[in-house]
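>>> Generate a structure from the sequence data that follows.
(2 chains)
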Amino acid sequence: MTPYVAVALTSLVAYVFAVKRLGWQPSDLGRALGRMAESLGAGVIFAVVNVLAAASLVLGLRMLTNRFFSLYSLDDLVWLALSMLQGWAWGLWRDSKAAPLR
Amino acid sequence: MPSSTIVRALGLATLALFFLGAFTPLPTLLYEMITVPVHIERADAIVVLAGGGVLASGQLTDTSLRRTVRGIALYRDGMAPLLVLSGGAGRRSEGAARAVLAGKCGVPDTAILATSAGHTTHEEVATLQPLLRARGVRRLILVTDGTHMRRAMGLARDAGFDVLAAPVSEVETPTHPEPRLRLLRAALREGLALVYYHIAGYL
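Next comes the predicted model:
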């Protein structure tokens, strides 16, 4: 469990540093976590759409070409990471409408 | 994109699933729901289902090796007179590589049936059915991964066999976050496969 204790400790240190040294508001943290959850949620939506599209493609190719394409090709974590990046980019894009990115 | 409240709730639910999966026994509970308990008695054949094929080096994949070793052990324990080593279709024959290993472990050639039996579990069982029937097999011990057993057993039962389960587990009751998440992933993936097989009418 050592790495997880380290994560908890660095989170605490980062919190104290942000509040004491950088002057960030503790009340803003809740809002930031909410935005993070939104990005994650958008990533999950992208993941579901991506997996459905990929599965349709695999099954469609099987039918159209009479060759075998495996659904196990979807069993890959990279597309999940890419979906999360899609969700993150989507959230940043949406936020840039309210406050243009610098 | 749905409203931000729904998207945020979805994100929070995903975070909750991640933490429950990594730090609680939830994956083990899901695994126990999806797998079939071990039930081994004497049978007419031990059927080892394909498991990822053969690597470019000619070696069996870890999954295939684990299943094959279990099948060989059951044969050597005298649980059945026939060892069926199935393999996915492809350029390199998984079934043949498994048969070589079984031979080296003392299983006589006459007791081994090595096949290339299709790309999917559904195709595999459909291909094996006439081969097993021709050898008078009615009762079989099925060897596959624990998460895969329920689906494979359903297909074998629908094909008219009396099926006994000899599941092989990659991890036994994981106690660390990463193996727990791997088990959760395997259980969720198999859950989707079960849904797909029901929708497709295979089960």
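>>> list the contacts for the residue most central in space within chain A?
Taking Cα atoms, centre = their mean, the centroid of chain A lies closest to A:Met84, which sits 2.9 Å from it. A:Met84 is in contact with A:39-40, A:43, A:46-47, counting by Cβ atoms under 8 Å, 6 or more residues apart in numbering or on different chains. (Each C-beta comes from the backbone N, C-alpha and C, glycine too.)
>>> Show me the shaky parts of the chain.
Since you didn't name a chain, this refers to chain A. Scanning chain A for pLDDT under 70 picks out A:98-102.
>>> Chain B, not that one
Ranges of chain B meeting pLDDT under 70: B:1-2, B:89-92, B:170-171.
>>> change it to 80
Scanning chain B with the threshold set as pLDDT under 80 gives B:1-3, B:53, B:88-92, B:117-118, B:169-172.
>>> Which helix runs longest in it?
When chain B is parsed with DSSP state H, its longest helix is helix B:177-199.
>>> circling back to that earlier point, now the helix or strand in which the residue nearest to the centre of chain A is found against helix B:177-199, angle please.
A:Met84 is located in helix A:77-98, with elements delineated by DSSP states H and E. Inter-element angle recorded for helix A:77-98 and helix B:177-199: 100 degrees (by axes from the mean of the first three to the mean of the last three Cα atoms, to 10 degrees).
>>> contacts for the longest helix of chain B?
A:4, A:71, A:75, B:18, B:21-23, B:25-28, B:30-31, B:33-34, B:122, B:145, B:147-148, B:150-151, B:154-155, B:170-171, B:174, B:203.
>>> among those, which ones are buried?
A:71, B:21-22, B:26-28, B:30-31, B:34, B:122, B:145, B:147-148, B:150-151, B:154-155, B:171, B:174, B:203 (16 or more other Cβ atoms under 10 Å in any protein chain shown).
>>> Inside helices: which ones of the residues you listed?
Using DSSP H, the buried ones among the contacts of helix B:177-199 in helices are B:21-22, B:26-28, B:30-31, B:34, B:122, B:147-148, B:150-151, B:154-155.
>>> Give the buried residues for stretch B:79-88.
With burial defined by 16+ other Cβ under 10 Å, the residues of stretch B:79-88 counted as buried are B:79-80, B:82-88.
>>> Kindly report the same for stretch B:37-57.
Buried-residue list, stretch B:37-57, by 16+ other Cβ under 10 Å: B:43-54.
>>> again with stretch B:68-80
B:68-72, B:74-75, B:79-80.
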